[in-house]
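Student: no sequence on this one, just coordinates:
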């Protein structure tokens with residue numbers, strides 16, 4: 001369950017969601033000032049192994065010093081050993097960082113630094129950093145401890161929770177990876193103050209997703225538009241994390257079909273990313289387009305009222321998200337990329353998540369190709 005928590009006077013009031021996975025259970029801590037006071041959170045969980053921070057160059061400039069100082073403080077209090085700073089591996093920003101080449105370079109760097117199996121890897125940044133750092137942690141020395149420190153809204157509400165890690169191939173997104181749960185997730189809301197508006201909007205796509213498939217009240221709140229300084233932002237993030245946590249607890253390794261619900265809008269969204277070379281849309285922007293398509297597929301095939309599809313379009317627009325493809329994007333390339341999605345079934349067909357109503361979704365739908373083509377074509381026209 002999610003509960004407000006204050007474990008130490010040095011920490012400001014914060015929220016905590018427990019992801020209950022037995023021996024792999026962990027907390028997602030949400031609040032302000034958490035990075036500069038992370039030592040308390042780390043000491044509570046005995047996360048004081050040799051630290052390696054993985055970040056892109058932008059996030060390193062903004063937050064590495066704060067996080068490293070907190071880690072050093074934790075070591076000083078623990079009495080395990082003394083260190084001057086955390087080891088840092090950095091790479092360039094953007095989706096291109098989620099590559100086998102960068103993954104290999106990170107592993108080699110850890111080996112050269114002689115990081116032991118008792119080490120702790122900190123992935124600080126957005127979803128790209130978290131996915132890469134988590135995959136490195138899952139495979140280096142057959143698995144070391146991992147702490148997620150998401151600094152984007154999208155990573156806070158979605159990619160930092162649930163244990164999915166991995167990198168992309170030219171053939172598709174997230175085709176190589178592993179399940180590796182973090183030991184702790186530190187979601188410091190102060191980092192959202194430095195987030196470009198476009199990045200914040202991209203995160204709102206995932207918030208709208210959670211509301212659309214699981215929580216009508218959350219959807220209605222998101223549909224009004226959300227800003228980084230909204231007083232209820234911590235509660236919005238907590239709701240999203242709690243929804244994902246309950247699903248992950250029931251279907252950790254995506255074998256029961258429950259976790260598939262989290263992919264509402266992602267089938268076409270991933271295809272758009274692939275068809276545009278991962279350099280045209282942010283992940284959340286592609287998912288926004290995918291949700292619009294999935295909403296109308298739900299109208300045509302699952303009985304979603306047309307008015308609800310229009311509400312989804314309006315909610316996306318209210319959060320400055322795209323609902324129409326940019327000119328020049330090849331519709332045929334998007335349709336072709338659908339066949340490379342990692343969730344394609346053994347028969348080579350996609351399985352879709354569709355809405356029966358706002359707040360209620362089902363997975364496993366098979367759709368005729370002409371209906372999918374109609375949904376992709378819809379993205380060439382303005383909504384509403």
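Tutor: Everything's here; your move. Note that the coordinates shown come from a computational prediction; the quantities given were computed from them, not determined experimentally.
Student: Now the phi/psi pair for residue 230, please.
Tutor: phi -60, psi 140 (degrees, to the nearest 10).
Student: Please apply the same query to the one 3 residues further on.
Tutor: Residue 233 has phi and psi values of phi -60, psi -40 when expressed as degrees, to the nearest 10.
Student: Go ahead and confirm it touches residue 190.
Tutor: No: if you go by CB atoms under 8 Å, residue 233 and residue 190 don't touch, sitting 11.6 Å apart. C-beta here means a position set from N, CA and C on the backbone, and glycine is covered the same way.
Student: Could I get the full set of helices for the protein?
Tutor: 38-44, 57-59, 65-78, 100-112, 127-139, 153-154, 197-214, 216-223, 233-250, 266-275, 283-302, 306-318, 331-337, 369-378 (DSSP state H).
Student: which of those helices sits most buried?
Tutor: helix 153-154 (a mean of 28; mean count of other CB atoms under 10 Å).
Student: what's it in contact with?
Tutor: 126-127, 192, 195, 199-200, 202-207, 228, 237, 283-284 (CB atoms under 8 Å, 6 or more residues apart in numbering).
Student: which one of the residues you listed is nearest residue 324?
Tutor: Comparing these against residue 324 with CB to CB places residue 205 closest, at 14.6 Å.
Student: Look at the closest one and report its pLDDT.
Tutor: Note for residue 205: predicted pLDDT of 98.
Student: distance of the closest residue to it other than its chain neighbours from residue 264?
Tutor: Excluding the flanking residues, the one nearest residue 205 by CB to CB, 6 or more residues apart in numbering is residue 284, at 3.7 Å. For residue 284, the distance to residue 264 equals 13 Å [CB to CB, to the nearest Å].
Student: ok, now residue 41?
Tutor: From residue 41 to residue 264 the distance is 32 Å (CB to CB).
Student: go on, residue 356?
Tutor: Relative to residue 264, and taking CB to CB, residue 356 is found at 12 Å.
Student: between those two, who's got more neighbours?
Tutor: residue 264 (26 against 14; other CB atoms under 10 Å).
Student: Does the more buried one touch residue 359 like I think?
Tutor: No: shown here, residue 264 and residue 359 do not form a contact pair, counting by CB under 8 Å, at 11.5 Å.
Student: what do these two both touch?
Tutor: 212, 213.
Student: Low-confidence regions, the stretch 201-350 of the chain specifically.
Tutor: 340-348 (pLDDT under 70).
Student: Please repeat the previous calculation with a cut-off of 50.
Tutor: 345-346 (pLDDT under 50).
Student: tell me the domain ranges of the chain?
Tutor: Listed domain ranges for the chain are 2-195, 200-227+261-378 (source: automatic domain parsing).
Student: I'd like to know which of those domains lies nearest to residue 242.
Tutor: Residue 242 sits nearest to domain 2-195 of all the domains of the chain, at 4.8 Å, using CB to CB.
Student: From the chain's centroid, how far away is that closest one?
Tutor: 13 Å (CA atoms, centre = their mean, to the nearest Å).
Student: contacting residues for the closest residue in space to residue 290 that isn't next to it in sequence?
Tutor: In this structure, residue 290 finds its nearest non-sequential neighbour in residue 269, 3.0 Å apart by CB to CB, 6+ apart. Contacts of residue 269 were listed using CB under 8 Å, 6+ apart, and they are 283, 286, 287, 288, 289, 290, 291.
Student: So residue 167 sits against residue 104, correct?
Tutor: No: using CB under 8 Å, residue 167 is not in contact with residue 104, being 9.8 Å away.
Student: pLDDT score for the residue in the chain sticking out farthest from the centre?
Tutor: Going by CA atoms, centre = their mean, the residue of the chain most distant from its centre is residue 79, 34.6 Å out. If you check residue 79, the pLDDT there is 82.
Student: Could you report the separation of it from residue 47?
Tutor: 15 Å.
Student: Which of the domains of the chain sits closest to residue 252?
Tutor: So among the domains of the chain, domain 2-195 is nearest, using CB to CB, at 6.0 Å.
Student: circling back to that earlier point, can you say which of the domains of the chain is nearest to residue 255?
Tutor: domain 2-195 (10.6 Å).
Student: for the chain, longest strand please?
Tutor: When the chain is parsed with DSSP state E, its longest strand is strand 172-179.
Student: Excluding chain neighbours, what is closest to the residue most central in space within the chain?
Tutor: Closest to where the C-alpha atoms of the chain average out (CA atoms, centre = their mean) is residue 159, at 1.9 Å. Leaving out its chain neighbours, the residue that sits closest to residue 159 by CB to CB, 6+ apart is residue 127, at 3.8 Å.
Student: Residue 141 now?
Tutor: Using CB to CB, 6+ apart, the closest residue to residue 141 is residue 117 (4.5 Å).
Student: In this structure the one you found contacts residue 144, no?
Tutor: Yes: applying CB under 8 Å as the test, residue 117 and residue 144 come out as touching, 5.8 Å apart.
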